[in-house]
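J.: Generate a structure from the sequence data that follows.
(2 chains)
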Amino acid sequence: MNNRVVITGLGWVTPMGHSLEQVWKRLLAGESGIANTTLFDASTFPTRFSAQVKDYDLSQHIADLSRHPGIGRNTTFALGACAQAWKMAGLPALSGNPDAQTSSDNSLDLDRVGIYLGSGEGSLDFGAFTHAALTAWAPGSTSIDAVQWAKTAFERMSMRREIEQEINMPLSHLALLTGAQGPALNCLTACAASTQAIGEATEILRRGDADVMIGGGAHSMIHPFGVTGFNRLTALSTHNENPPEASRPFDANRDGFVLGEGAGVVILETLDHAQKRGAKILAEVVGYGSTADAFRITDQHPEGEGAIVAMTEALRDAGLTPDDVNYINAHGTGTKENDGNETLAIKKVFGDKAHKVPISSIKSMMGHLIAAAGAVELITCVLAIRDQMLPPTMNLHTSDPECDLDYVPNKARSARIDVALSNSFGFGGQNDTLVIKRFTA
Amino acid sequence: MRRVVITGIGVVSPLGIGTAAFWNNLLAGQVALQRIDLFDPSGFSCQIGGQVPAYKINEHVPKSYRKATNRMARDIELAVIAADDAFKNANLQSNAYSQTPAFDGKRFGCNIGAGLISAELNELTATLAVARNGDELDLKKWGTDGMGQLTPLWLLKYLPNMLACHVTIIHQLKGPSNTITCSDASSHLAIGEAFRTIQRGDADLAICGGAESRLNPMGLMRYHLLKRLTTTHNETPAQALRPFDADASGGAIGEGGGLFILEEYEHAMARKAPIHAELIGFAATQDAYSVTEPDPSGKNYARAIQKALSDAKLSAADIGCIVPHGLGVPEFDQAELNGLRLALGNHLEKVPFAPIKAQTGNLIAGSGADAAAAALTVSTGKVPPAVNTQQVIDGQRLNVASQSRALDVPVAISSVYSLGGQNAALVFKRV
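T.: Take a look at the predicted model:
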């Protein structure tokens, strides 16, 4: 018999703030974290705005940062979100030193604490990278002079700055922070990554390979190449005249997603472990489904085939039916393609019930946190169940015949919510769905 | 618990394209490390690496997919070629080869480990130059004139999950799909997770492992900054990488990948599939020591091996071969030996020991090739040589030989640790 898995801690660092309750209040109030990009000069880019994390000070969350020199922006987000979640879960105070922790406090077996993140790569050292490239290139040439490139790169690049771009660095720093020495993995499945990480972390707990898993993700692609990449794909909104209204999931005038950044971390535990230590249980993770479209690297399956199976599998895994679902936290990116396909897939899975289940996309307010999006959205689902409140889909003013469901437009509302389903879909056809439930013994 | 067997092995390595070339050349003691010629390495202190021999990607994808190959970074190409080799090795008809595939795609998972893929400088530099201001980039000009020069799908060439995505599209695999990105441990963790997916019934088959190519200026630069490479063997690459040897002076980068096709046992039996070995144990642990160096005590590396053995319900005495991580970086090898001693006790000096990176370099996220070597020791009863391990560090005795050996290998282990402190071990058993 598999272990039941519950959530006992939540933490996030988002474009709308860095405290759990403050961000939740702002989401329910329909505020926006989207504004002009200031992290670099985007003034001539097709998209000049984004959802940046603002006024963030990691030392507010972690007093001793001496073990984390030169960390990347994504890792600062991961550490802050993890420290919040760990504290909320009432786990032993963080010393950052596993040996010291073990000698002073034996209440947690760190060999049985694992980490599964869906974090993205760190931001490129753009100045050094472009400088090295340009000094090594002669006009008219079709290739760089690698010898000159190396000379410049050795002058300008530093070990920390380069290594902190490795995709597993947020994961490795969370191990240093918490002393966790159980199974540790990072998956990077584009925009589905942190939903997948939490799903796979749940599987590790179910099968008994750990007692506690730190799950979630962190990412920032708000840098020149990140925005360039998405602009070239024409995936981003170019609604430069009014950034807070740029992210318009399910609206007929939607024109792309808004790039955000941040982190979300949840503490997952076996029910047994949580109960034995008297932890406050926030919700139970009951279902997880993961599929591949195997269709195209650029486009989703037009009939939502992979998304349908991910949702169906997650519900089957949960032992629930569509009738049991009270809220769907949509992937809802605000691209033409996603929102139509996701709506279609929901209709296929939910049938007649599709028009009755409220659906919303918080990306309308905090943008798309890419690899970190799923974790932040799952935290929203936990809070929705706790407070019986549905966060709205903002900027939904013009109805699209393809998107004709109840998206909780423009205003939060109260509702009976026992079961919430959260979707994340990624480039390349990655589909992941989680189902969580109000905890009842 | 459902049993999981390996029915296909696909390897692309510096020793050749395909599992047969890899295994034959490994057993023959061939060292593939050479002076890098993918670009001029003269500006680097370490100028050697393990390059995959020249290949034509179009020969490894269906005709209908050839257009998509221009969206593949080299890492992706290596994964696609390894997958092609694995399917052929498994004698398994996918949509790439037949209109009537031999399996239900919805029950076929994919978990391919990947690294941080570097943007190709040659492609980027000419574009950057449009927006140059002296030797620096002018972002305003980049926005107006520069970025538009890039191909629209530029970003998709470098997303780590594109290894898995191209493979799932080519072979029409629609089950659980994942991409593990934990540096050197990526392949082993991906294989272990795919193993669990089949064990718990979420899939009947999975292709899993990893691939990576860091033999580009950016990748080589990062490993120089980490000081993990030997700089004293540019003229003698065959002796350069010396795992666990007293004269070791550092590692070398290789490129390539290794992929398994894992299959639920009854499913494999029903289709009379070739079975290389049973995957019988997996475990993962994490150091909490440093993000750039392994814990010198090796304690969490040891725990990964011990837990994998316990998962397999076996003990150290049962092991017939170990393929260690063996980077050839002296202090890292010492830490690994400490871990192996903790995990295996007195058995350490008895177990046939095959540190194969001396011949291939470190394939990093492509270390699925190491796992493939371990599985092949079980299926073939042959153990690769330890070509450069002569005087073992720390006065330790190890069961190594300068030439390959024919031995009875009922059980083999492949274990790795990553930059970042992830540890993983896999246990293979003869069926």
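J.: Now do the helices in chain B.
T.: With DSSP state H as the definition, chain B shows helices at residue ranges B:19-27, B:74-89, B:121-129, B:139-141, B:162-171, B:186-199, B:217-225, B:265-270, B:299-311, B:330-344, B:357-360, B:368-380.
J.: To residue A:382, which of those helices lies closest?
T.: helix B:186-199 (25.0 Å; Cβ to Cβ). (Each C-beta comes from the backbone N, C-alpha and C, glycine too.)
J.: tell me which residues in the closest one are buried?
T.: Judged by neighbour count (16 or more other Cβ atoms under 10 Å in any protein chain shown), helix B:186-199 contains these buried residues: B:186-199.
J.: on that earlier part again, would you mind giving the helices of chain B as JSON lines with mean pLDDT and distance to residue A:411 added?
T.: Converted to JSON lines, these look like this (pLDDT from 0 to 100; distance: least, Cβ to Cβ, whole Å):
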{"stretch": "helix B:19-27", "mean pLDDT": "98", "distance to residue A:411": "60"}
{"stretch": "helix B:74-89", "mean pLDDT": "98", "distance to residue A:411": "45"}
{"stretch": "helix B:121-129", "mean pLDDT": "87", "distance to residue A:411": "45"}
{"stretch": "helix B:139-141", "mean pLDDT": "96", "distance to residue A:411": "39"}
{"stretch": "helix B:162-171", "mean pLDDT": "98", "distance to residue A:411": "38"}
{"stretch": "helix B:186-199", "mean pLDDT": "98", "distance to residue A:411": "41"}
{"stretch": "helix B:217-225", "mean pLDDT": "97", "distance to residue A:411": "49"}
{"stretch": "helix B:265-270", "mean pLDDT": "98", "distance to residue A:411": "52"}
{"stretch": "helix B:299-311", "mean pLDDT": "98", "distance to residue A:411": "50"}
{"stretch": "helix B:330-344", "mean pLDDT": "98", "distance to residue A:411": "58"}
{"stretch": "helix B:357-360", "mean pLDDT": "98", "distance to residue A:411": "60"}
{"stretch": "helix B:368-380", "mean pLDDT": "98", "distance to residue A:411": "51"}
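J.: what about stretch B:208-220, near chain A?
T.: Yes: Stretch B:208-220 is in contact with chain A by Cβ under 8 Å from any Cβ of the partner chain, via B:217, B:218.
J.: Report the helix or strand with the lowest average pLDDT across chain A.
T.: Taking mean pLDDT, DSSP states H and E as the measure, the helix or strand of chain A with the lowest value is helix A:98-104, at a mean of 49.
J.: Would you mind identifying the next helix or strand past that helix?
T.: Tracing the chain past helix A:98-104, the next element assigned as helix or strand by DSSP states H and E is strand A:113-117.
J.: Just give me the neighbour total for residue 362.
T.: Here I'm looking at chain A. Using other Cβ atoms under 10 Å in any protein chain shown, residue A:362 is surrounded by 28 other residues.
J.: my question was about chain B
T.: A total of 28 residues lie near residue B:362 under the criterion other Cβ under 10 Å.
J.: Let me know whether it touches residue B:250 as I believe.
T.: No: under the criterion of Cβ atoms under 8 Å, residue B:362 lies out of contact with residue B:250, with a separation of 10.6 Å.
J.: need the helices of chain B in JSON lines with distance to residue A:424, can you?
T.: Converted to JSON lines, the helices of chain B look like this (distance: least, Cβ to Cβ, whole Å):
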{"stretch": "helix B:19-27", "distance to residue A:424": "35"}
{"stretch": "helix B:74-89", "distance to residue A:424": "22"}
{"stretch": "helix B:121-129", "distance to residue A:424": "30"}
{"stretch": "helix B:139-141", "distance to residue A:424": "31"}
{"stretch": "helix B:162-171", "distance to residue A:424": "15"}
{"stretch": "helix B:186-199", "distance to residue A:424": "18"}
{"stretch": "helix B:217-225", "distance to residue A:424": "30"}
{"stretch": "helix B:265-270", "distance to residue A:424": "30"}
{"stretch": "helix B:299-311", "distance to residue A:424": "30"}
{"stretch": "helix B:330-344", "distance to residue A:424": "37"}
{"stretch": "helix B:357-360", "distance to residue A:424": "37"}
{"stretch": "helix B:368-380", "distance to residue A:424": "27"}
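J.: now for the ones you listed, which one comes closest to residue A:6?
T.: Nearest to residue A:6 among those is helix B:186-199; the distance by Cβ to Cβ comes to 20.5 Å.
J.: quick one: that closest one near chain A?
T.: Yes: counting by Cβ under 8 Å from any Cβ, contacts between helix B:186-199 and chain A involve B:189, B:193, B:196.
J.: how does chain B divide into domains?
T.: B:4-118+B:158-429, B:121-156 (automatic domain parsing).
J.: wait, chain A
T.: A:5-124+A:163-276, A:126-160, A:288-437.
J.: Arrange these in JSON lines, one row each, with distance to residue B:356 as further columns.
T.: Conversion of those to JSON lines gives the following (distance: least, Cβ to Cβ, whole Å):
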{"stretch": "domain A:5-124+A:163-276", "distance to residue B:356": "23"}
{"stretch": "domain A:126-160", "distance to residue B:356": "28"}
{"stretch": "domain A:288-437", "distance to residue B:356": "32"}
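J.: quick revisit: would you mind saying which of the helices of chain B lies nearest residue A:67?
T.: helix B:299-311 (16.6 Å).
J.: okay, the angle between that closest one and helix B:186-199?
T.: Relative orientation of helix B:299-311 versus helix B:186-199 (axes from the mean of the first three to the mean of the last three Cα atoms, to 10 degrees): 30 degrees.
J.: now the strands for the stretch 151-300 of chain B?
T.: Listed from the start of the chain, the stretch 151-300 of chain B has strands (DSSP state E, counting those that start in this stretch) covering B:177-178, B:205-212, B:253-254, B:256-264, B:277-286.
J.: what about the closest residue to chain B within the stretch 51-200 of chain A, neighbour count?
T.: Sorted by distance to chain B under Cβ to the nearest Cβ, the residues of the stretch 51-200 of chain A start with residue A:150, at 2.8 Å. Summarising burial for residue A:150: neighbours were counted as other Cβ under 10 Å, giving 23.
J.: and if you look at residue B:408?
T.: For residue B:408, the tally of surrounding residues (other Cβ under 10 Å) stands at 10.
J.: Surely it and residue B:320 touch.
T.: Yes: with contact defined as Cβ under 8 Å, residue B:408 counts as touching residue B:320 (6.5 Å).
J.: Look up the closest residue to whichever residue of the stretch 251-400 of chain B sits closest to chain A, ignoring the ones flanking it.
T.: Per Cβ to the nearest Cβ, the residue of the stretch 251-400 of chain B with the smallest distance to chain A is residue B:286, at 3.5 Å. In space, and not counting its chain neighbours, residue B:286 is closest to residue A:184: 3.5 Å by Cβ to Cβ, 6 or more residues apart in numbering or on different chains.
J.: Tell me which residues touch the one you found, please.
T.: Residue A:184 is in contact with A:114, A:115, A:116, A:171, A:172, A:175, B:182, B:284, B:285, B:286, B:421, B:422, counting by Cβ atoms under 8 Å, 6 or more residues apart in numbering or on different chains.
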